[in-house]
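Visitor: Everything below, folded, please.
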Amino acid sequence: MSESSAPSLPELIDMQIRANGPMSIASYMALCLTHPHKGYYKQADPLGARGDFITAPEISQIFGELIGFFCVNLWQQMGEPKSFTLLELGPGRGTLMQDALRAASKAEGFGDALHLQLFETSEELKAQQAIRLGQYYPYWPSEIDEVSDDPLIVVANEFFDALPVRQFVKGTAGWHERLVGLKDGKRSFGLSPTAIPESALPAAVHGAAPGEVYEVSLAAADVMQRLSKAVGRLGGAILAMDYGYVLTRTGETLQALRRHAYADPLAAPGDADISAHVDFGALAAVATGAGLTAQPLATQGDFLRRLGIVERAEMLSAANPDEAGNIAAALDRLTGPGQMGELFKVFCAASPGLVPPGFSP
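Guide: Below is the predicted model of the structure:
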């Protein structure tokens with residue numbers, strides 16, 4: 001069958017529903033985002049003004065530079081090992097790591113000890129990463145925890161929000177999973193008729209009112225479990241920046257973005273970014289269960305200010321006075337209370353004894 005005559009992703013999803021019945025939201029998200037040939041992240045570059053969204057590293061070089069400082073600080077706390085792995089999950093165009101390593105490599109010995117790994121599913125983005133980061137000889141592992149026996153630092157910016165979630169809606173006799181099915185030939189949400197007892201869900205959502213929604217990402221828990229085991233064995237830390245909430249709770253956050261505007265998650269499978277807010281409380285529970293120490297969750301604004309973003313912005317403005325306005329605007333977007341500074345949170349779990357910078361007032 002030629003590429004032109006092959007079914008589109010919406011057609012494939014509808015065919016699967018007709019054959020097997022309604023699917024979980026997690027299955028739907030996985031198909032939309034990571035279908036081997038037609039998934040959102042398998043196709044064109046989604047980033048930037050011509051894409052569907054802009055991430056923090058694309059807003060200002062300072063973001064990546066401060067992440068580089070964070071990594072150097074941890075490497076020094078670990079005794080400056082002669083070999084360590086720096087793993088980035090979902091590196092996008094490689095912008096964050098390019099800025100981070102430009103700054104971090106100024107620390108004597110850091111560059112020589114570095115073993116850079118990039119976990120990426122998009123071939124187009126891998127090509128861009130190779131151009132930006134080729135001088136550091138990166139390796140693209142096929143498994144998220146495919147790392148060498150060296151201390152490990154993991155960086156994940158807007159990675160966990162794209163992992164599939166399942167949704168459960170409280171009914172009068174228990175909870176019912178929300179599914180994606182077909183109604184009058186169109187994709188629509190519905191509920192499984194099978195009731196799930198409240199005892200099967202976390203205590204944090206017991207007593208929820210009828211109609212409330214609980215979201216859970218088994219994929220995120222699995223990723224955190226695998227990484228935490230690796231860090232627990234090798235030493236190091238996991239740093240994640242994303243939009244999310246502190247403790248497990250009810251609330252519906254599933255959303256789709258297309259060309260920088262909200263879209264219907266069911267309307268154009270494979271052509272829109274689909275994500276959900278991250279349950280950082282659940283990730284912290286997994287990490288601490290594996291023996292790591294989870295830092296108190298910080299807002300992105302507080303984290304970046306503690307790392308010196310204001311001072312770095314002032315230095316850049318002094319050196320580039322014609323760009324002072326743009327630098328100030330980027331600073332506000334990254335740290336402002338009505339911008340990413342409050343919406344985005346920063347999570348870190350580390351080996352006991354390490355003191356990750358940016359989390360203490």
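
Visitor: any chance you could map the strands in the stretch 101-250 of the chain?
Guide: In the stretch 101-250 of the chain, the strands defined using DSSP state E, counting those that start in this stretch lie at 114-119, 152-157, 166-171, 174-183, 186-191, 213-216, 236-245.

Visitor: between those strands, which one is nearest to E146?
Guide: strand 114-119 (8.0 Å; CB to CB). Quick note: C-beta positions are derived from backbone N, CA and C, even for glycine.

Visitor: And the helices in the stretch 1-150 of the chain, which stretches?
Guide: 9-20, 25-34, 56-59, 61-77, 95-104, 110-113, 123-133 (DSSP state H, counting those that start in this stretch).

Visitor: can you give me the end-to-end distance of stretch 130-148?
Guide: Separation of the first and last residues of stretch 130-148 by CA to CA, to the nearest Å is 21 Å.

Visitor: Buried by neighbour count: which residues of that stretch qualify?
Guide: Buried residues in stretch 130-148, counted by 16 or more other CB atoms under 10 Å: R132, L133, Y136, P138, I144, D145, V147.

Visitor: What average pLDDT does it get?
Guide: For stretch 130-148, mean pLDDT is 96.

Visitor: ditto for stretch 199-216
Guide: pLDDT averaged over stretch 199-216 gives 96.

Visitor: could you pull out the strands for the stretch 251-361 of the chain?
Guide: Counting by DSSP E, counting those that start in this stretch, the strands of the stretch 251-361 of the chain are 255-258, 261-263, 273-275, 278-279, 293-294, 298-299, 344-350.

Visitor: what's the closest of those strands to G90?
Guide: strand 273-275 (11.6 Å).

Visitor: can you list contacts of that closest one?
Guide: Outside of strand 273-275, the residues within contact range by CB atoms under 8 Å, 6 or more residues apart in numbering are 29, 32-33, 40, 46, 52-53, 161-162, 254-258, 265.

Visitor: cutoff 10 Å now
Guide: Outside of strand 273-275, the residues that reach it under the criterion CB atoms under 10 Å, 6 or more residues apart in numbering are 25, 28-30, 32-33, 40-41, 46-47, 51-53, 158, 160-165, 242-243, 253-258, 263, 265-266.

Visitor: thinking again about what came up before, nearest to V216 among the buried residues of stretch 130-148?
Guide: Looking across those and measuring by CB to CB, the closest to V216 is I144, at 19.2 Å.

Visitor: Ramachandran coordinates for that closest one?
Guide: phi -70, psi -30 (degrees, to the nearest 10).

Visitor: tell me the most buried of the strands of the stretch 251-361 of the chain?
Guide: Counting by mean count of other CB atoms under 10 Å, strand 278-279 has the highest mean neighbour count of the strands of the stretch 251-361 of the chain, with a mean of 28.

Visitor: list the helices and strands it packs on?
Guide: strand 213-216, helix 218-234, strand 236-245, strand 344-350 (3 or more CB pairs under 10 Å, 6 or more residues apart in numbering; DSSP states H and E).

Visitor: and the last one, which strands flank it?
Guide: I take that to be strand 344-350. Strand 344-350 has its sheet partners listed here by DSSP bridges as strand 236-245 (antiparallel), strand 293-294 (antiparallel), strand 298-299 (antiparallel).

Visitor: Tell me which of these is the most buried.
Guide: strand 236-245 (a mean of 24).

Visitor: Please work out the average pLDDT along that one.
Guide: What strand 236-245 shows for mean pLDDT is 97.

Visitor: same question, stretch 154-168
Guide: For stretch 154-168, the per-residue pLDDT averages 97.

Visitor: re the thing from before, now render the strands paired with strand 344-350 as a markdown table, adding distance to A230.
Guide: Shown next, in a markdown table, are those (distance: least, CB to CB, whole Å):
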| stretch | distance to A230 |
| --- | --- |
| strand 236-245 | 8 |
| strand 293-294 | 16 |
| strand 298-299 | 23 |
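
Visitor: Of the strands of the stretch 251-361 of the chain, which is nearest A221?
Guide: Smallest distance to A221 across the strands of the stretch 251-361 of the chain (CB to CB): 8.9 Å, for strand 278-279.

Visitor: From the chain's centroid, how far away is that closest one?
Guide: When C-alpha coordinates are averaged (CA atoms, centre = their mean, to the nearest Å), strand 278-279 and its chain have centres 10 Å apart.

Visitor: That one pairs with which strands, and in what direction?
Guide: Strand 278-279 sits in its sheet next to strand 236-245 (parallel), going by DSSP bridges.

Visitor: Just the C-alpha atoms of the partner strand, please, in PDB.
Guide: What follows is strand 236-245, C-alpha atoms only, in PDB (Å, rounded to 0.1, in the frame of the first residue of the first chain):
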ATOM      1  CA  GLY A 236      22.800  11.700  41.100                       C
ATOM      2  CA  ALA A 237      19.500  13.600  40.600                       C
ATOM      3  CA  ILE A 238      16.400  14.000  38.400                       C
ATOM      4  CA  LEU A 239      15.300  17.500  37.500                       C
ATOM      5  CA  ALA A 240      11.900  18.000  35.900                       C
ATOM      6  CA  MET A 241      10.100  21.300  34.900                       C
ATOM      7  CA  ASP A 242       6.500  21.200  33.800                       C
ATOM      8  CA  TYR A 243       3.000  22.500  34.600                       C
ATOM      9  CA  GLY A 244       1.400  20.500  37.300                       C
ATOM     10  CA  TYR A 245       0.200  20.400  40.900                       C
END
